[in-house]
Each structure stands twice: as structure tokens, then as C-alpha cells.
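Asks: sharing a sequence plus its predicted fold:
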Amino acid sequence: MSRRAWWRAAQVLVAAAIAYFLYRYVARNWEQIRHADEAIDLHAGPLALAAGIILATYAMLIGAWRAVLEGWGERLGYGDAARIWCLSNLAKYIPGRVWQITGMAALAQQAGVRPWAAAGSAIVVQLLNIATGTLVTAVFAPDFGHPLLIAAAGLGTAAGAAALASSAGADWLSRALSRVTGRQVELRPVRPGPLLLSAAITALAWIFYGIALYLSVRGLTGRELDLRGAIGMFTGAYVAGLVNILTSAGLGMREGILLLWLTGPLGLAAATVVTVGSRLLMTATELLAAAVTLPLLTPRADVGKA
């Protein structure tokens, strides 16, 4: 069997396992879920504020991506970067995580970014998202706040950043990613200043996402959720979806983890409403951001420079 066939088989198996887990969970708790509509108590103000914070978070993450590019001496206007980031972000819903990265790389190259930097920057930002998200989860998630766990997550984040800033680390990551993906991956060391700026932005972005979840709970159910817990729950569930490269946009795994975490403080019915509602809100803001930024990219004459 070819590598591609094994990869597709693995995707199907993981997706089936997640679907089976969710089915069993729903089946065991169907009586509570059946009355989920009774947990809905809509409040437009918190939902609108949550949507605004999510859109602001996208703006921050676009800046984090531009910082990585600047660490390689690339220049990309914010308007161009916003359109590329928002459009390629939608590609994560296509089966196979490679489409989001290849889409970003292709659009960035059209805007004048060197091919290796266009592809490499997308990968570096994803690695930073996972590293900083792990640290934020260790600090904020319920039952995760053990000092040793926080220290381990911090050291892991620092080690990942150091690897991205060094030639030896970048070479090792390139070889490892090439073996895992079956595609040639080329990463070059990023200057420490822009790399640290990008890491700081991504860490702050996770906190903003958690605040949006906190507001979504109020907006969808009228209930209160501990703000610290909201930050940790959202980040932990989202990072699990990022690490799970075998399903599109973390679908299933992210929802399953978030549902389990939210059931404790909110009850199953309200947790179901929030889990589904937060995914719909994220998707709606992603579509809105793509529509707003669609006219911003202007192709350059020096496309494809070496």
C-alpha cells in the first residue's frame, strides 16, 4: 500500500474513532441532550462582543505571521497578509491539513514572498500555535495548574522557539516534518526578535479566544463560566484539534474535549449548546473575515523570485 493510501486509511480510522466516541457519549446522555434547547437563553450583546474579539484575534494572528516573514527579511503589506491568511484559513475544512499550508504558501508567493519563506512561515506559525497553546493550557486549564506541568510546558515552548531560531534546530525540524508529511519541507532559522514577537502574539491570542468563549457561554445560555477556566478549556481543546492532523479543522476531537470539559460547570445540555454554538460562531467569523479581506491582495510583478 502506498504512503498516500496509508495516510487516507489513517484519516478514516481516526475520524471513525472520534465519531464513535461522540456517538457513545451522546447515546449515554441522550435524555439530557434531548432537552438542550431548554438551555438556550440568547443574549445578543455578549455574542456580538465575542464575535468582535474573535475578529480582533484574527488580526493579531495575521501580525504574528507577518513577524515570522520579517524574521526572514520578507516584506508583506498588512492588507495582502490579511487576505492570504483569511482565505487560506478556510482551507482547513478541506480533508487533509496540507491544504491550509499550501494555500497560504501559494497566495503568499503570488504576493511576492519567496517560495520557501511562503511555505515555511505557515509551518512555523502552526508550531508556535501548538507550543504557546500548550503553555496557556498548562497555566489556565482546570486541574492542569501544577507547577511542574507549567514548568515543563514553559521549557518545551522555549525549546521549540530556540529550535526555530537556530540553524541546527531548523534543519532537524525540516527533516522531521519531511519524513512525517512525505513532502519536502524547508525551514530556515528565524531571527530571535521577530520570532519572540510572534510567539507572544500567539500566546495572547489564545487568551483572547478564551475570553470569547466566556462571553459565548453568557450569550448562548445566560450562565456564567469562570474566565480562567474558559481560557484553559478553549485552548486545550483547540490545541488537541491542531495536533490531530488526521481530521479537518480539528472537527470532532475539539468538540469532544470541549464538551467534556464544559459539562462539569454547565451541565450537559448547556455544554452541548455552547460547544455547537462556539463552533458555528468561529466559522461565521472566518467566513466574514474572508469576505471582508477578499479585495485586499494586489499581485506583484516579481512573483516567484528566488
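Replies: That came in fine, so what should we check first?

Asks: okay, helices next: where are they in the stretch 151-300 of the chain?
Replies: 167-181, 192-221, 227-243, 253-266, 268-293 (DSSP state H, counting those that start in this stretch).

Asks: reformat the ones you listed as TSV; add mean pLDDT.
Replies: TSV is the format used below for the helices of the stretch 151-300 of the chain (pLDDT from 0 to 100):
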stretch	mean pLDDT
helix 167-181	80
helix 192-221	95
helix 227-243	89
helix 253-266	87
helix 268-293	89
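
Asks: for Leu69, find the nearest of those.
Replies: helix 192-221 (8.2 Å; CB to CB). C-betas here are computed from N, CA, C, even on glycine.

Asks: tell me what the closest one is packed against?
Replies: Packed against helix 192-221 by the contact rule (3 or more CB pairs under 8 Å, 6 or more residues apart in numbering; DSSP states H and E) you find helix 44-71, helix 115-140, helix 147-165, helix 227-243, helix 253-266, helix 268-293.

Asks: now Leu42: phi and psi?
Replies: Dihedral angles phi and psi of Leu42 (degrees, to the nearest 10) take the values phi -80, psi 140.

Asks: let's have the chain start at 52 instead
Replies: Will do, 52 is the new start, and the previous item becomes Leu93.

Asks: contacts only, for it.
Replies: By CB atoms under 8 Å, 6 or more residues apart in numbering, the contact list for Leu93 reads Gly270, Leu271.

Asks: could you dump the helices and strands packed on helix 243-272 into TSV with distance to Leu271 and mean neighbour count added?
Replies: Shown next, in TSV, are these (distance: least, CB to CB, whole Å; neighbours: other CB atoms under 10 Å):
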stretch	distance to Leu271	mean neighbour count
helix 95-122	7	19
helix 166-191	21	23
helix 198-216	30	16
helix 278-294	13	22
helix 304-317	10	20
helix 319-344	5	19
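
Asks: and these: which comes nearest Ser139?
Replies: helix 166-191 (7.6 Å).

Asks: the closest one vs helix 278-294, what angle?
Replies: Put simply, helix 166-191 runs at 140 degrees to helix 278-294, going by axes from the mean of the first three to the mean of the last three CA atoms, to 10 degrees.

Asks: now the angle from helix 166-191 to helix 218-232?
Replies: When the same axes, to 10 degrees is applied, the directions of helix 166-191 and helix 218-232 differ by 90 degrees.

Asks: so which elements touch helix 166-191?
Replies: For helix 166-191, the elements it packs on are helix 95-122, helix 149-161, helix 198-216, helix 243-272, helix 278-294, judged by 3+ CB pairs under 8 Å, 6+ apart.

Asks: now the helices and strands packed on helix 243-272 as TSV including distance to Leu158?
Replies: Shown next, in TSV, are the helices and strands packed on helix 243-272 (distance: least, CB to CB, whole Å):
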stretch	distance to Leu158
helix 95-122	12
helix 166-191	8
helix 198-216	22
helix 278-294	21
helix 304-317	25
helix 319-344	11
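
Asks: nearest to Arg230, of those?
Replies: With respect to Arg230, and counting by CB to CB, the nearest of the helices and strands packed on helix 243-272 is helix 166-191 at 14.0 Å.

Asks: quick check: mean pLDDT across that closest one?
Replies: Rounded to a whole number, the mean pLDDT of helix 166-191 is 87.

Asks: stretch 98-111 now?
Replies: 96.

Asks: and if you look at stretch 126-140?
Replies: For stretch 126-140, mean pLDDT is 90.

Asks: can you tell me what sits against it?
Replies: Counting by CB under 8 Å, 6+ apart, 109-110, 112-114, 116-117, 120, 151-152, 154-155, 158-159, 162-164, 173, 337, 340-341, 343-349 sit against stretch 126-140.

Asks: if we use 7 Å, what do you get?
Replies: 109, 113, 116-117, 120, 151, 154-155, 158-159, 162, 164, 337, 340-341, 344-345, 347-349 (CB atoms under 7 Å, 6 or more residues apart in numbering).

Asks: could you pull out the buried residues of that stretch?
Replies: Applying a neighbour-count criterion of 16 or more other CB atoms under 10 Å, one finds Leu127, Asp131, Ala132, Ala133, Arg134, Ile135, Trp136, Cys137, Leu138, Ser139, Asn140 buried in stretch 126-140.
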